[in-house]
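Colleague: predicted coordinates and the sequence they were generated for:
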Amino acid sequence: MGMFDGKVAIVTGSGRGIGRAVAESLAAQGAAVVVNDIDVDVAEQAAKEIGGRVAVFGGDLAADGAPEQLVDTAVRTFGQLDIVVNNAGYTLDAPIHKMSDRDFQAMLDIHTVAPFRVLRAAAPHLREPAKAERAEGREVFRKVVNVSSVAGTMGNAGQANYSAAKSAVIGMTKTLAKEWGQFKINVNAVAFGFVDTRLTVEKTGDTVVRVGDREVRYGIPRAMRDAIAAAIPLGRAATPQEAAGGVIFLCSPWSNYVHGQVLNITGGLSSGMDS
């Protein structure tokens, strides 16, 4: 018996990295999972390798209608929805005096607006079953985990757009926790620190991903990577699997009384201006 037997989960941005590790863990414990990636080929390959009851939705969640189609894929394929993990995203870094309107808006669109639209589309599939269960005197917990960042809790130079978007995710999480608690929908967030993914690899000339009509360069200069690692009490970045562990906890029955919280997954990193 798996911890998530009979559950259906959506994990956005799950073709690679942390999202992939979350999807793998959920599937290994019995959940049916909708895998999503902006690159449909990557999503399909991930689904094939994960195995089990897996569906695929490839596409940019910042595009009109995509969040609704994602939720429809889960419900149409598996008949229900129990877990939503909003993980998809990327970065577009620059100091604020050099940042364009387009790059600022792009971060809001993928990190804040897309999760909002996913959750709005998911609302009836999470809330309506809970109303019937409440009438029957039963408690069945469903889960929402939104991915934020220490950039959203402490700020980060060069990331005014990303930090603003990830901070907004926390406000949305705490508001939904107040709205949806009555339906036994646990709504929490994780704030990641330094995690080894393709966004944080050592920067080279060919670290590029295509998003819509643009090429986005990713990665971190080696000196900056070394400085971040040196500031972490555990001495290194997290693996995607370690980062996923906190998400899985918040999806699990162990977190049924954890609500409206932000779980920092940072290896102890605490530099910055804490509020």
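Modeller: Ah, there it is.
Colleague: which residues touch the closest residue to residue 31 other than its chain neighbours?
Modeller: Spatial nearest neighbour of residue 31, excluding adjacent residues (CB to CB, 6 or more residues apart in numbering): residue 4 at 3.7 Å. C-beta here means a position set from N, CA and C on the backbone, and glycine is covered the same way. Residue 4 sits next to 26, 29, 30, 31, 83, 251, 252 when contact means CB atoms under 8 Å, 6 or more residues apart in numbering.
Colleague: correct me if wrong: the fourth one contacts residue 9.
Modeller: Yes: when contacts are counted by CB atoms under 8 Å, residue 31 is listed as touching residue 9 (4.8 Å).
Colleague: what touches both of these two?
Modeller: 82, 83.
Colleague: roughly how far does the residue nearest to residue 31 sit from residue 26?
Modeller: Per CB to CB, to the nearest Å, residue 4 is found 6 Å from residue 26.
Colleague: now for those two: what residues contact both?
Modeller: With CB under 8 Å, 6+ apart, residue 4 and residue 26 have common neighbours 83, 251.
Colleague: what about the helices in the stretch 101-250 of the chain?
Modeller: 101-108, 114-135, 150-154, 160-180, 222-231, 240-251 (DSSP state H, counting those that start in this stretch).
Colleague: mind giving me CSV with these and columns for mean pLDDT, mean neighbour count and distance to residue 190?
Modeller: Output for the helices of the stretch 101-250 of the chain, formatted as CSV (pLDDT from 0 to 100; neighbours: other CB atoms under 10 Å; distance: least, CB to CB, whole Å):
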stretch, mean pLDDT, mean neighbour count, distance to residue 190
helix 101-108, 97, 16, 18
helix 114-135, 97, 18, 13
helix 150-154, 94, 23, 10
helix 160-180, 98, 20, 10
helix 222-231, 71, 13, 18
helix 240-251, 97, 22, 5
